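*Asks:* coordinates only, sequence not included:
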């Protein structure tokens, strides 16, 4: 998670012209290999939305990864990076019918759904395609909030897949997502139990599903240690055995944060350090990046990034950390102030670690006139 | 606030190729004139961050508006629109010293500050410039959260302005912001009382401030009626009389939302309508725009936009409203579900009203591969 030597060397040679993200492709490669090793029987579909940098996609394509995409634009990026259409899934359960048709025209034949209405769109726009139905999970144990936005109950999933078959689609399997930055290994066990129930119910009707898409959720290390890929692999394999016996289906995983989160570091600059009154116990530290410049996942203070400063080792005091825009909501950490060196000063460069995922593309196009987050892959 | 005839005609002629914002410049002109009429003795500094569309800036420049800017890029936009440098304020209290120098080189001589450290930067990079110190307000009565991010206590403001004078700056005045979408007219009274105290304390030391920047906060009409510009004008004028007697200083207002909010309408499309289980009492309605596509102000369900559908008049039921991305946080209204027609269907076009402010520039540059919000000014 810490900045690698390669990142530090690159930054030393790169003039500071506003905040930037640097991703070390060697770390992405290591992460891919750790996933492939931990779950040797699962196909890896990298979640493009986590970081769609062309260099990241090309590297993963060359390593053999498949790709989970959220839009036609992401499908095109995956194909441009060298993936063949059979290695691309249209994993968004919310798709315009004309986008399904465009994906179908590009050769994509694997689609996520979570209701009969979506199955009907796929049946019209991509006849005969394989579909998997997403099942709701409780998201317990995840750090980034998981709403009920995607998926349906297991009972409804049975109806959706049965209807899909009737619509001429290939009822291929079930997917779930245990919640992003999921550190509770038993979350996969609960979800796989639900998935197995859907398999069994439909098998009794003669509809044989073949695939479980176990989604993402694999965490990256921010401030606390997280289980390693091997631990996830063991927990998942034993849950598969438990719920599917000796008829384990094809499986897919969709790491995003776990693939690129720890590969990236953002360099930022302290713009201002101040207090609100002469006896204010809390200092305010303002950076040149904030909630609208790429750190959207600090929303509700959900993700707490490690921050390295040139003054580390000096005594610290709790600070409110905020971004540079004229928006009062652009505050990163306030409810739980962030301890930073008392000596931290205007102009100091800080490194925000673990920022390889869910930063660049979240950044606002021009809020307050600030340009989107610049990104380098090395 | 409702879509004007001109907007409806424009949309009827414009093919639907994803969500778009249309701003009616006639409404912006009406808003400008209402502010100018309601507060004839105040200079209007339009808050560029609310909507920096070149057509909006050019219109306002031609009407005589000045501009409140948050960055060098916004300063350049205001100048490009025809404003002279004396009509531009660098209103962000968080500025890099090199950006202050760039602003100074562009002829800008009016800067916001809220601490001695920022005054020192301005003194070095823009010697002799006019500065105003922002004072904290409680933000009570505002709909968009106002944190303590900007401003200092009135007592510290006295120190900051005194120090500014000692640094060779022109200690010009005091600013405050009562909180965005502020519907409580007495909020200006409380803030003006604080401002007057700063004036009096410094006057006793021979430092004569000349300006009060009363900020923005003027609301636009979303779902509830809001006081009209004239009501604000009367309340503000009577508070100025009360606290400054017959020595009312120069005043500035910085409307943003109040200038453009009701001038814009977003056209969006229903992508999916579904339920999470067969007996789910709540429907989920998914649009092709969400929290990361321009509707960031639905964060914590703060701003509740009026939504017009082609099925209005039919019976309604409460819906969870969500955006199109694969992000579980991309939900607009869930805690307080939104009543929408039961007949609302996939493919229906809806109009999201009152979206002229704080939408386009908030939109993510490419989250999930979706392009930023398209915008037209007519």
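*Replies:* Looks like it came in fine. For clarity, every value in this text was computed on a predicted model and none was experimentally measured.

*Asks:* next, count neighbours for residue A:208.
*Replies:* 10 (other Cβ atoms under 10 Å in any protein chain shown). Every C-beta, even on glycine, is put in place using the N, C-alpha and C of the backbone.

*Asks:* before we move on, what SS does the residue nearest to it when sequence neighbours are not counted have?
*Replies:* The shortest distance from residue A:208 to any non-neighbouring residue, by Cβ to Cβ, 6 or more residues apart in numbering or on different chains, is to residue A:202 (7.5 Å). Of the three states, residue A:202 takes helix under DSSP: H, G, I helix; E, B strand; the rest coil.

*Asks:* wait, residue A:202 sits on residue A:162?
*Replies:* Yes - counting by Cβ atoms under 8 Å, residue A:202 touches residue A:162, with 6.8 Å between them.

*Asks:* and the pLDDT at residue A:52?
*Replies:* Looking at residue A:52, its pLDDT is 97.

*Asks:* nearest spatial neighbour of it, skipping sequence neighbours?
*Replies:* Distance criterion Cβ to Cβ, 6+ apart; nearest residue to residue A:52, sequence neighbours excluded, is residue A:77 at 5.4 Å.

*Asks:* which secondary structure elements does the worst-scoring helix or strand of chain A on mean pLDDT sit against?
*Replies:* Every helix and strand of chain A was ranked by mean pLDDT, DSSP states H and E. The lowest is helix A:229-244, at a mean of 90. On a contact count with 3 or more Cβ pairs under 8 Å, 6 or more residues apart in numbering or on different chains; DSSP states H and E, helix A:229-244 meets helix A:25-38, helix A:186-203.

*Asks:* any residues touching the first one, and which ones?
*Replies:* If I follow you right, that is helix A:25-38. With Cβ atoms under 8 Å, 6 or more residues apart in numbering or on different chains as the test, helix A:25-38 has contacts from A:4, A:6, A:44, A:46, A:55-56, A:59-60, A:63-65, A:218, A:228-230, A:232-234, A:253, A:255, A:258-260, A:262-263, A:356, A:377-378.

*Asks:* residues of that helix that come out buried?
*Replies:* A:25, A:27-28, A:31-32, A:34-36, A:38 (16 or more other Cβ atoms under 10 Å in any protein chain shown).

*Asks:* SS state for residue A:8?
*Replies:* Classified using three-state DSSP, residue A:8 is helix.

*Asks:* list only those of the contacts of helix A:25-38 flagged as buried.
*Replies:* If you count burial by 16+ other Cβ under 10 Å, the buried members of the contacts of helix A:25-38 come out as A:4, A:44, A:46, A:55-56, A:59-60, A:65, A:218, A:229, A:232-233, A:253, A:255, A:258-260, A:262-263, A:356, A:377.

*Asks:* for stretch A:89-102, what is the average pLDDT?
*Replies:* Averaging pLDDT along stretch A:89-102 gives 97.

*Asks:* that stretch and chain B in contact?
*Replies:* Yes - applying Cβ under 8 Å from any Cβ of the partner chain, one finds that stretch A:89-102 is in contact with chain B at A:91-97.

*Asks:* and the gap between the residue nearest to residue A:208 and chain B?
*Replies:* According to Cβ to the nearest Cβ, to the nearest Å, residue A:202 and chain B sit 16 Å apart.

*Asks:* what is the burial count for that residue?
*Replies:* Residue A:202, neighbours per other Cβ under 10 Å, totals 19.

*Asks:* related to what we said a few turns ago, using a markdown table, lay out the helices and strands packed on helix A:229-244 together with mean pLDDT.
*Replies:* A markdown table is the format used below for the helices and strands packed on helix A:229-244 (pLDDT from 0 to 100):
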| stretch | mean pLDDT |
| --- | --- |
| helix A:25-38 | 94 |
| helix A:186-203 | 94 |
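
*Asks:* closest to residue A:10 out of the ones you listed?
*Replies:* Of all those, helix A:25-38 sits nearest to residue A:10, with 11.5 Å by Cβ to Cβ.

*Asks:* that closest one: how far from the chain's middle?
*Replies:* On the basis of Cα atoms, centre = their mean, to the nearest Å, helix A:25-38 sits 15 Å off its chain's mean C-alpha point.

*Asks:* give me the sheet partners of the helix or strand following it and which way each runs.
*Replies:* Sequence-wise, the next helix or strand downstream of helix A:25-38 (DSSP states H and E) is strand A:42-47. If you go by DSSP bridges, strand A:42-47 pairs up with strand A:66-69 (parallel), strand A:250-253 (parallel).
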